[in-house]
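**Q** Quick one, structure for this:
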Amino acid sequence: MNPGTTHTYSVDHTQTAAPEFELSDADAQMVVSSGDGVFLCKNEPCLNVHIINYEAYVNQYKKGAIANSKRCDFVLYDQEKQHFLIAELTHCMQNSLTRAVSEKHPETKEEYAMLKFQDTITSLCTVEKMRAFIMEYTTKSCVFACRLIETGTCDFAVNAMANFLKPVQVIGTIIRSDFLSISGINFRYVRCIYPDPYVFCD
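**A** Below you'll find the model as predicted:
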């Protein structure tokens, strides 16, 4: 890039007020058809929910602190100022939730998600206007959303029939009573094992 030129960063963004919707991080579209997602959201008040592909946005940066930070998949927030979510999505076998992600990452899937939450929130809060924006919300949550599969592949098309015929034992939705305090903001931690949903309430 020549000196003095600027780079335009795009934001992959969509909006929905549907009473129920699903998200996937492995599809060109963030909002996917019912049954195809990793993260199920119940939105019975039909709040106007904005969804940003945060990981894709950060991946555009080639240098600087934000480029070197860990990043979650999505940021969700509603226009009604009720819910602000940082969401990390994954699909894996059930035993992968309690074992190391890789030799490079000795943490479990959930522990590694915690590191992503911390870096994502810290990066967002370095911008004072963004920090003030987050503070306006009644409920602030870090959501670990997981869809369990039974084999070593993450190809839903290959495993769809097997998963239908032999349902995986799910852990369920867990909301921890303690908070993650990051950058002076308290976030509750929510674990959603598909098909257990995150519930938007007014």
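**Q** From residue 145, how far out is the residue lying closest to residue 99 once chain neighbours are set aside?
**A** Nearest residue to residue 99 in three dimensions, chain neighbours excluded: residue 108, at 6.3 Å (CB to CB, 6 or more residues apart in numbering). All C-beta atoms are positioned from the backbone trio N, CA, C, and that covers glycine. Distance, residue 108 to residue 145, using CB to CB, to the nearest Å: 15 Å.
**Q** again, but for residue 35
**A** According to CB to CB, residue 35 stands 15 Å off from residue 145.
**Q** Give me the more crowded residue out of the two.
**A** residue 145 (31 against 12; other CB atoms under 10 Å).
**Q** So that one sits against residue 92, correct?
**A** No. Using CB atoms under 8 Å as the test, residue 145 is too far from residue 92 to be in contact (11.7 Å).
**Q** rewinding a little: contacting residues around the residue nearest to residue 99?
**A** Neighbour list for residue 108: 96, 97, 98, 99, 100, 101 [criterion: CB atoms under 8 Å, 6 or more residues apart in numbering].
**Q** avg pLDDT for the helix or strand hosting residue 145?
**A** In the assignment (DSSP states H and E), residue 145 maps to strand 139-149. Averaged across strand 139-149, pLDDT comes to 93.
**Q** what do you get for stretch 119-132?
**A** 92.
**Q** In contact with the residue sitting nearest the centre point of the chain, which residues?
**A** Central residue of the chain (CA atoms, centre = their mean): residue 87, 1.9 Å from the mean position. By CB under 8 Å, 6+ apart, the contact set of residue 87 is 23, 39, 72, 73, 74, 75, 76, 142, 143, 145.
**Q** now those residues in a markdown table, with distance to residue 53?
**A** Below are the contacts of residue 87 laid out as a markdown table (distance: CB to CB, whole Å):
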| residue | distance to residue 53 |
| --- | --- |
| 23 | 10 |
| 39 | 13 |
| 72 | 10 |
| 73 | 7 |
| 74 | 6 |
| 75 | 9 |
| 76 | 11 |
| 142 | 17 |
| 143 | 15 |
| 145 | 14 |
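**Q** out of those, which one sits closest to residue 124?
**A** Using CB to CB, residue 75 is the member of the contacts of residue 87 that lies nearest residue 124, at 7.8 Å.
**Q** Return the alpha-carbon coordinates of the helix or strand containing that closest one using CSV.
**A** Per DSSP H and E: residue 75 is located in strand 74-78. The C-alpha trace of strand 74-78 is given here as CSV (Å, rounded to 0.1, in the frame of the first residue of the first chain):
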residue,chain,number,x,y,z
PHE,A,74,-20.3,-12.6,16.5
VAL,A,75,-21.5,-9.5,18.3
LEU,A,76,-25.2,-9.2,18.7
TYR,A,77,-27.3,-6.3,20.2
ASP,A,78,-30.8,-5.1,19.9
